[in-house]
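>>> Here's my sequence, what's the structure:
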Amino acid sequence: MVLPQRHRLRGSRVFNRLYRQSQRFHGTSMLLRVMAADPGLLPPPDCHRSSPWRGAVVISGKVSKRAVVRNRLRRLLHRHLLALNPSQLQPNWVVLSLKPGSAELDPAQLLGECSHLLRQAGLMQ
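Next up is the predicted model:
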């Protein structure tokens, strides 16, 4: 299961702005970028089914050369992001990037660090 279309971040303009202007939260195996949503860069969401935030998980080939491993990690972290309660979230854009070497970690460790970074950013209690 991947992030539904209405939750995904897309487009080079969005990612360029995120990489330049976002607030960063560093962990040992991942980096969380958060910034307030800019409605001018993305089409308006479907009013009935959307949540106020959009997210992406970025995993480079430096994390693992095997696409199977990268996709497994991406699905794991997408599910974790989807577990957030969208009604309590501010309209934010969130990008989670894994650092090289994080593919060898236990999934529970990755999810724990992700939760810690989300709490640091104020996106989770």
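>>> Report the contact partners of the closest residue to Arg54 other than its chain neighbours.
Leaving out its chain neighbours, the residue that sits closest to Arg54 by C-beta to C-beta, 6 or more residues apart in numbering is Leu9, at 4.8 Å. To be clear about C-beta, it is placed using only N, CA and C from the backbone, and glycine gets the same treatment. Neighbour list for Leu9: Phe15, Leu18, Leu42, Arg54, Gly55, Ala56, Trp93, Val95 [criterion: C-beta atoms under 8 Å, 6 or more residues apart in numbering].
>>> What confidence value was assigned to the second one?
In this case it means Leu18. On the pLDDT scale, Leu18 is placed at 90.
>>> so where does it fall, helix or strand?
Per DSSP states H and E, Leu18 falls inside helix 12-21.
>>> what packs against that helix?
Contacts defined by 3 or more C-beta pairs under 8 Å, 6 or more residues apart in numbering; DSSP states H and E place helix 12-21 against strand 30-36, strand 92-98.
>>> which is the next helix or strand following the last one?
On the C-terminal side of strand 92-98, the closest following helix or strand by DSSP H and E is helix 107-120.
>>> beta partners of Val95?
Counting by DSSP bridges, Val95 forms beta bridges with Arg33, Ala56.
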